[in-house]
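Participant: heads up, no residue letters with this:
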C-alpha cells in the first residue's frame, strides 16, 4: 500500500494499492482505498496548495510524476 503525497507541501493525498514493481504512472480509481486532502475539480486531482497531481482519464488518473512522492510498499505480483 502506497501513501501518495504532494511534492510541494508534503500533505497526504490518498492511499493506493500498487500492483507490480514499475513506476507510478497511472493510479486506477478502483485501487484507491482512502482519500485525504486531495481535491477533484475539472477532471484533475490536485493538492490544497494548488499543485495538479493527476488528470482523469476515465478508469484511472494519469499522474504527473514531478508533482507527487510516495512511501510504502508495492505488491510485486
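Facilitator: All right, it came through fine. The structure displayed is predicted, hence computed values, not measured ones.
Participant: any low-confidence regions in this protein?
Facilitator: Scanning the chain with the threshold set as pLDDT under 70 gives 77.
Participant: what are the ranges of the strands in it?
Facilitator: In the chain, the strands defined using DSSP state E lie at 2-6, 12-16, 26-28, 32-35, 39-41, 44-46, 52-56, 60-63, 68-72.
Participant: export these to CSV and tack on mean neighbour count?
Facilitator: C-beta here means a position set from N, CA and C on the backbone, and glycine is covered the same way. As requested, these are exported to CSV (neighbours: other Cβ atoms under 10 Å):
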stretch, mean neighbour count
strand 2-6, 20
strand 12-16, 20
strand 26-28, 17
strand 32-35, 13
strand 39-41, 11
strand 44-46, 19
strand 52-56, 18
strand 60-63, 18
strand 68-72, 15
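Participant: What are the neighbouring residues in contact with residue 55?
Facilitator: Going by Cβ atoms under 8 Å, 6 or more residues apart in numbering, residue 55 touches 43-45, 61-62, 64.
Participant: Could you identify the pair within the residues you listed that is furthest apart?
Facilitator: Based on Cβ to Cβ, the longest span within the contacts of residue 55 runs between 43 and 64 and measures 13.4 Å.
Participant: These two: which is more packed in?
Facilitator: More neighbours surround residue 64 than the other of residue 43 and residue 64, with 16 against 11 (other Cβ atoms under 10 Å).
Participant: I'd assumed residue 52 was in contact with that one.
Facilitator: Yes: applying Cβ atoms under 8 Å as the test, residue 64 and residue 52 come out as touching, 6.2 Å apart.
Participant: Next, residue 10: phi, psi?
Facilitator: phi 70, psi 20 (degrees, to the nearest 10).
Participant: how about the nearest residue to it, chain neighbours excluded?
Facilitator: Nearest residue to residue 10, sequence neighbours excluded (Cβ to Cβ, 6 or more residues apart in numbering): residue 69, at 7.8 Å.
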